[in-house]
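Participant: Just the structure for this:
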Amino acid sequence: MELVRGLSITDYCDQHNLQLRERLQLMVDVCSAVHHAHQKGVIHRDIKPSNVMVTSHDGKPVAKVIDFGVAKAIGRKLTDRTVYTGFYSMIGTPLYMSPEQAEMSGLDVDTRSDIYSLGTLLYELLVGATPFDRRRMESATYDEMRRIILQEDPPKPSTRISTLASERVHSTDSAIRASTLRNDLDWIIMKSLEKDRTRRYESASALAADIQRFLQAEPISARPPSVAYLLSRFARRNRIAIGTAASISCALVLGLAMSLWQLTKTIEQKGEADRALREAVQAKAEAVEANQKMQRFAENLARSNVLVARGETHADNGRWQKAMSNYDEAVRIQPDYFLPYVQRAQLYTRLRLWDQAARDYQTALRMGASTTDPQWAGVHALFLYTKQSDAIQTLSRMSYEQLLTEDVGYRWLSLRGLLVADRQHPFVSVDDLTEMADQWLEERMEHERTPEWRPSRPRNAANLASAYTPGIADSPLSVAHYVTGLAHLRAGSPSAINLFQSASHDRRWPSKYLVWAPLAIAYHQSGFSEEATETLVLSDEAINLQIEEIAILQSDQSIPDSPWFDFLEALLINAEARNRIGGESGIHLERLRGIRDKSRRLIDSSH
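Facilitator: Prediction:
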């Protein structure tokens with residue numbers, strides 16, 4: 001076995017003064033390691049700080065779970081010399097032991113026992129003490145320890161850390177306060193420490209996912225999504241829109257206050273009581289009307305934001321009718337607010353109802369919505385597919401100006417949109433775009449060669465699409481090759497062939513089927529007719545597979561791993577390839593029409 005040199009996770013965090021986010025990220029790695037063991041059919045049964053060692057690799061902490069000495073195989077032997085525990089024996093460390101381990105009732109211990117121990121470890125990592133007092137457990141009898149584990153509920157982390165602070169007992173980190181742990185982290189930890197194992201997280205990966213949601217300011221699954229909770233998370237993700245609305249409301253309040261102050265001064269200065277009274281009555285009526293308008297505006301804005309937040313929750317859980325109903329109501333209440341249109345357009349794209357999505361995006365664009373947000377990924381292709389030429393030119397001009405004047409975090413997406421809609425914006429030079437792509441690709445490859453830089457890796461299938469979606473600030477190398485290949489294709493350069501081939505070598509990119517259609521065009525431009533025809537066939541087959549997957553997932557009201565705009569872009573460039581190389585056009589239209597008809601039926605009851 002590997003020799004692990006390092007410190008226990010608690011000692012490492014304390015000695016290196018790791019902050020809250022760093023401790024939580026380290027805990028995500030530990031959960032992933034335990035989940036890997038569970039997938040291999042192994043339950044650890046003795047997770048505690050001394051069995052989680054942390055070493056430093058290139059200056060970064062790396063957690064390793066060790067000592068599977070009391071581990072249990074699920075349905076099979078660990079080795080040919082498996083040591084079976086005695087009937088009704090209690091194995092593990094009491095401070096970190098789950099109730100079912102301590103119960104000794106013959107109940108089979110499963111992976112959720114490790115979830116309890118992970119919750120205890122996270123508790124100690126953030127609070128600086130275990131859920132049950134260590135001194136009390138050390139002095140307790142065997143039966144008393146079992147009674148504590150089985151019957152007593154530990155205090156919430158925020159309550160425990162407040163008690164430690166008031167008693168001037170050692171705490172994990174002075175930067176971690178009770179207010180930091182209150183609410184979300186309390187919910188996550190206490191869900192892991194449920195006595196009833198059916199109420200814990202179903203897997204270590206689910207616990208890791210909830211910690212990641214907390215770090216990304218997203219709603220966690222460990223508690224019911226109340227309206228106040230959804231609004232707080234929604235406000236953190238939409239600071240710009242909420243800030244704009246708040247500024248408008250403040251301006252209205254200040255304007256009203258100034259008007260009332262001026263009214264008072266006017267009444268004091270006028271000598272004629274009757275005239276002053278008439279003016280006061282009129283001004284009061286106007287002030288009341290203005291105040292009523294302001295209140296209606298603020299109420300409608302708040303109601304609209306609540307509906308949008310609810311719609312997002314319903315859409316994420318496949319409840320299309322309820323989500324659509326929420327978005328429609330938000331648009332009706334506040335028709336001059338762009339956010340409901342953008343969110344409804346996102347739902348339409350999930351359902352492959354592209355005409356409706358294009359209309360909502362056009363409306364939001366006219367209202368002045370910011371197009372640098374990730375919700376606008378793929379809208380160039382959407383406008384091109386629905387033949388909205390004016391909207392394409394407006395969006396492309398904005399994207400090009402942003403690329404020239406700002407440090408855009410989603411620069412690969414903006415460049416990609418301009419290249420897909422190449423013939424719709426004559427004001428953009430394809431040579432400039434190609435030079436820009438080459439420079440960014442060189443920077444991206446230099447990052448790849450730098451030892452200190454490591455690309456983020458998806459930890460499970462659910463995260464695979466987001467990790468390889470080209471909307472992050474530093475896109476995966478395969479996506480960078482693909483976008484640069486598009487630039488060289490539009491410039492007529494044969495280098496496009498090598499770039500597309502490089503992009504197709506990344507098996508982890510769920511949308512690599514995008515490469516076949518532009519690669520077929522590149523072969524055709526270079527005079528390789530046979531290769532162009534064969535590659536176009538690959539593109540057709542890949543699109544057919546995507547359509548089949550969408551149809552299957554649609555029946556389950558699920559969402560494909562591959563982003564919707566990748567599929568739409570593949571359709572557009574496939575049609576372009578058929579137009580250049582030759583062949584029947586619109587071969588996928590009938591199957592797509594069936595998908596869209598079914599999507600309309602899914603939401604018809606809400607319209």
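
Participant: rest of the way, CA atoms for contacts and neighbours
Facilitator: Fine.

Participant: residue contacts, residue 497?
Facilitator: For residue 497, the contact set (CA atoms under 8 Å, 6 or more residues apart in numbering) comprises 485, 519, 522, 523.

Participant: Can you verify my assumption that the last one contacts residue 534?
Facilitator: No. Counting by CA atoms under 8 Å, residue 523 stays clear of residue 534, with 10.1 Å between them.

Participant: quick one: which of these two has more around it?
Facilitator: residue 523 (21 against 12; other CA atoms under 10 Å).

Participant: In space, what's closest to residue 540 - neighbours in sequence excluded?
Facilitator: residue 574 (7.6 Å; CA to CA, 6 or more residues apart in numbering).

Participant: The one you found: neighbour count?
Facilitator: Counted with other CA under 10 Å, residue 574 comes out at 25.

Participant: That one: which element?
Facilitator: Using DSSP states H and E, residue 574 falls within helix 564-581.

Participant: hmm, who's touching that helix?
Facilitator: The contact list for helix 564-581, computed with CA under 8 Å, 6+ apart, reads 349-350, 352, 377-379, 381-382, 385, 420, 511, 513-514, 517-518, 520-521, 524, 532-533, 536, 539-540, 543, 546, 584-586.

Participant: Residue 114 reaches residue 42, doesn't it?
Facilitator: No. Counting by CA under 8 Å, residue 114 sits too far from residue 42 to count as a contact (10.4 Å).

Participant: And those two? Which one has more around it.
Facilitator: Neighbours per residue (other CA under 10 Å) separate residue 114 from residue 42, with residue 114 holding more: 26 against 22.

Participant: The residue nearest to residue 540 and residue 48, how far apart?
Facilitator: In this view, residue 574 and residue 48 are 55 Å apart by CA to CA, to the nearest Å.

Participant: related to what we said a few turns ago, out of the contacts of residue 497, list just those in helices.
Facilitator: Within those, residues falling in helices by DSSP state H are 485, 519, 522, 523.

Participant: Out of the residues you listed, who's the most crowded?
Facilitator: With neighbours taken as other CA under 10 Å, the top of the ones in helices among the contacts of residue 497 is residue 485, carrying 31 neighbours.

Participant: Number of residues surrounding the nearest residue to that one once chain neighbours are set aside?
Facilitator: For residue 485, ignoring the flanking residues on the chain, the nearest one in space by CA to CA, 6+ apart is residue 496 at 4.5 Å. Using other CA under 10 Å, residue 496 is surrounded by 27 other residues.

Participant: And residue 348, by the same measure?
Facilitator: Look at residue 348: counted by other CA under 10 Å, it has 21 neighbours.

Participant: and the host helix or strand of it, what other elements does it pack with?
Facilitator: Secondary structure assignment for residue 348, by DSSP H and E: helix 338-350. In terms of contacts (3 or more CA pairs under 8 Å, 6 or more residues apart in numbering; DSSP states H and E), helix 338-350 is packed against helix 273-316, helix 320-333, helix 354-366.

Participant: what's next to it, contact-wise?
Facilitator: With CA under 8 Å, 6+ apart as the criterion, helix 338-350 contacts 241, 304, 308, 312, 315, 320, 324, 327-328, 330-331, 354, 356-358, 360-361, 363-364, 367-369, 375, 559, 564.

Participant: right, and the secondary structure at the residue nearest to residue 485 would be what?
Facilitator: helix (DSSP: H, G, I helix; E, B strand; the rest coil).

Participant: Repeat that for residue 17.
Facilitator: Three-state assignment for residue 17 (three-state DSSP): coil.

Participant: what's the angle between the helix holding residue 574 and helix 354-366?
Facilitator: 110 degrees (axes from the mean of the first three to the mean of the last three CA atoms, to 10 degrees).

Participant: Check the offset of helix 564-581 from the chain's centre.
Facilitator: From the chain centre to the centre of helix 564-581 is a distance of 28 Å (CA atoms, centre = their mean, to the nearest Å).

Participant: and what of stretch 38-54?
Facilitator: Taking mean C-alpha positions (CA atoms, centre = their mean), stretch 38-54 and its chain are 28 Å apart.

Participant: what's the answer for stretch 500-515, then?
Facilitator: Using CA atoms, centre = their mean, the offset of stretch 500-515 from its chain centre is 23 Å.

Participant: ok, which stretches of the stretch 151-300 of the chain are helices?
Facilitator: Using DSSP state H, counting those that start in this stretch, the helices assigned to the stretch 151-300 of the chain run over residues 157-166, 178-181, 184-192, 204-215, 227-237, 239-269, 273-316.

Participant: ah, wrong one, I meant the stretch 401-550 of the chain
Facilitator: 411-420, 430-449, 461-467, 477-490, 495-504, 516-525, 529-555.

Participant: Of those, which is nearest residue 130?
Facilitator: When the helices of the stretch 401-550 of the chain are compared by CA to CA, helix 461-467 sits nearest residue 130, at 31.6 Å.

Participant: List the buried residues for stretch 304-318?
Facilitator: Of all the residues in stretch 304-318, those buried under the rule 16 or more other CA atoms under 10 Å are 304-315, 318.

Participant: will you turn those residues into TSV that also has distance to residue 193 and pLDDT?
Facilitator: Formatted as TSV, the buried residues of stretch 304-318 follow (distance: CA to CA, whole Å; pLDDT from 0 to 100):
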residue	distance to residue 193	pLDDT
304	37	86
305	34	87
306	32	89
307	33	89
308	33	88
309	29	90
310	29	91
311	31	88
312	29	88
313	26	90
314	28	88
315	30	83
318	29	79
